[in-house]
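Asker: Provided below are the primary sequence and the corresponding predicted coordinates.
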Amino acid sequence: FLSVNGDKVRCAKVMTALSMTEPKPGIYVYDMGQNLVGVPQVRIKGTAGSMATLRYGETLYPKLEEYGELHGMILTENYRDAISIDRYTFRGDKNGEEYTPRLTFHGYRYIEISGVSQAPDCKDVKALVLTSIGDLAGDFTCSDPLVNRLFENIRWSQYSNFISIPTDCPQRNERMGWAGDAQVFAPTAVYNADVHSFLARYLLWMRDCQKPNGQYPNIAPVGGGFGGIEWESAGIIVTHVLFRHFNDLPLVQENYPAMKRYIEYLVSCGEPGKLTDIGPLGDWLASDMSTDSPLLWNALYAHDAEVMSEMASAIGKTEDAKYFKELYETVRRNWNDTFVDPDTGKTRRMNGEINDTQCSYALPLAYGLFDNMAQAHEHLRRRTEEEGYTVTTGFIGTAQLNLALSAGGNTETAYRLLRQTKYPSWLYSVTQGATTIWERWNSYTVENGFGGNNAMNSFNHYSLGAVGEWIYKCVLGISLDEKVNAFKHFIYRPLIGDLEYAEGYHDSVYGRIESGWKKASGGLEIHLTVPANSTATLCLPSGNIAANGVPAAAAEGLSHIGIAAGEEIFHAVSGSYTFVIR
């Protein structure tokens, strides 16, 4: 049905080292200023027959007693048995020799050079940054420099891990297409860049590795791995993301048989909504690691069934759509009976004990599972406040946390989470100099260094950067309509928080949607561009609203629909609009 060649690996930019240190005599460590994926391009000098050694690291050992004389040296333990060493034998040219490895790539910020006759100048130590990402499809900036750096970190981790396949990390001895990472980050990835063909190719590999019983792999394209439904569901969830953002019906048709077989596999595992053997991983690397795993697994089961019903209907599989919808209702009913305490509305474990974690509310709220959604939203707000507005979720729950808060009217809480700098939070890593997204909330802390996780510790994992979807959808307000794909008609609802301004864009298949807002004396200014051949429903804060210099209700291109929940609702055709709300 479609081409899945995808984007080739390319050199996106060339970076030059910013500084050099010499932690031990003859060992020179260069800081590129950015954790990246690529290869060095160095000009070095040495005597004929001697050998230069180049090693790579994402970070340096801090000055803590446990690291002793390693202070200032590059950390290589987290590369495990990915040796990540290049060696170059000199010809002996007096003016120096240029070396760039051709048959590998490295994930690093720091490059250590030894075996040279003199320390190369910083200008002679460059990095060729590699990625499969072609055109960017989105951007964001706001009044908070730390949030801007977080957004850049999200994008850099996507650059680094979209190398032929969506890898979990680009530096250690994995560099593999772990499906759980891909499914939680896909909604952010499609806002950031044109990755349609890239992810379509990944789905081909998911199908290639599917077992005869219908079970998807946890890793593609090599197959195998462990994780369970939260990883395997990438076969369905990534297809649904591409279907919604690009209205790609041929892609749905191509993946449909495999997706249907996966649902049949889940059905074969036991009573829908009460399964206990479709793991083993839960909310991986959550800072509290206490969310009940079956609660999450069965929530994913419900979501898989619901989006399968939607996609089956879209390609004319009417009877299948009805079956999947009924399956969803069955899973949802059993999920509520099993995992929600009827007296308090708090989440509970499979054994009936109260669970009551951020993730236990955020994920099922995002999937619309609770019988009493308002009560669950209040529990999520409460638990977030009790945690001091820090993030306790892991790979699976983090993507949904702020989305669930905002959907429940708790946008102020979501902004407090976004701008939190205490550990654990998105901005804690930024305050510690992170230039990409870390695998762990505690990949590094001031008090504990690497926390004993030296070997299981990546500083370039995109999963926890899935908050990028919330930034696009809620801060910028650019969101898909529930019933219309590909932004042919979209919802525009910027949720104004404690920033002074925010602005950005997303390049949809119909053109660029631009959004920006800023707080001005006496009011709020909002700018929106609706691209050609698109329309939008605008949900703006209530007030005295002017558009393009005239009362909004009379502005060309706008039709006033009504007022709901403190918002003025308008229909907008393609064009550029500037609103002033007082």
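Answerer: Happy to help now that I have it. Numbers count the residues shown, from 1 in each chain.
Asker: what about residue 428, which helix or strand?
Answerer: helix 426-431 (DSSP states H and E).
Asker: can you name the next helix or strand after that helix?
Answerer: Scanning forward in sequence from helix 426-431 by DSSP H and E, the next helix or strand is helix 468-470.
Asker: sorry, back to before: now the helix holding residue 428: buried residues?
Answerer: 426-430 (16 or more other Cβ atoms under 10 Å). Bear in mind the C-beta positions are built from the backbone N, C-alpha and C, glycine included.
Asker: equivalent analysis for stretch 565-582, please.
Answerer: Result for stretch 565-582 [16+ other Cβ under 10 Å]: buried residues 568-570, 572, 577, 579-581.
Asker: hey, C-alpha coordinates of that stretch in CSV?
Answerer: The C-alpha trace of stretch 565-582 is given here as CSV (Å, rounded to 0.1, in the frame of the first residue of the first chain):
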residue,chain,number,x,y,z
ALA,A,565,-17.3,26.2,30.7
GLY,A,566,-15.9,29.7,30.8
GLU,A,567,-14.8,29.6,27.1
GLU,A,568,-16.0,31.5,24.1
ILE,A,569,-16.3,29.1,21.1
PHE,A,570,-15.7,30.2,17.5
HIS,A,571,-15.4,28.5,14.1
ALA,A,572,-12.5,29.8,12.1
VAL,A,573,-11.7,29.3,8.4
SER,A,574,-8.1,29.5,7.1
GLY,A,575,-6.3,32.8,7.9
SER,A,576,-4.3,34.6,10.5
TYR,A,577,-6.0,35.9,13.6
THR,A,578,-4.8,38.1,16.4
PHE,A,579,-7.1,38.2,19.5
VAL,A,580,-7.0,40.6,22.4
ILE,A,581,-8.9,39.4,25.4
ARG,A,582,-9.6,41.8,28.3
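Asker: distance from it to the middle of the chain?
Answerer: 29 Å (Cα atoms, centre = their mean, to the nearest Å).
Asker: could you do stretch 421-431 as well?
Answerer: Centre to centre, stretch against its chain (Cα atoms, centre = their mean), the figure for stretch 421-431 is 16 Å.
Asker: low-confidence ranges in the protein?
Answerer: Low-confidence segments of the chain, defined by pLDDT under 70, span residues 1-6.
Asker: okay, helices next: where are they in it?
Answerer: 145-161, 179-192, 196-208, 229-232, 234-246, 249-268, 293-314, 318-339, 358-366, 373-386, 398-407, 411-418, 426-431, 468-470 (DSSP state H).
Asker: residues contacting residue 125?
Answerer: Counting by Cβ atoms under 8 Å, 6 or more residues apart in numbering, residue 125 touches 16-17, 20, 30, 40, 42, 111, 113.
Asker: what bridges to it?
Answerer: residue 42 (DSSP bridges).
Asker: next: the one 5 residues further on.
Answerer: Each beta-bridge partner of residue 130 is listed here, defined by DSSP bridges: residue 11.
Asker: what packs against the helix holding residue 428?
Answerer: Judged by 3 or more Cβ pairs under 8 Å, 6 or more residues apart in numbering; DSSP states H and E, helix 426-431 is in contact with helix 145-161, helix 411-418.
Asker: nearest to residue 131, out of these?
Answerer: Each of the helices and strands packed on helix 426-431 has some distance to residue 131 by Cβ to Cβ; the shortest is helix 145-161, at 4.3 Å.
Asker: show me what that closest one is packed up against.
Answerer: By 3+ Cβ pairs under 8 Å, 6+ apart, helix 145-161 packs against strand 27-44, strand 125-131, strand 138-142, helix 179-192, helix 426-431.
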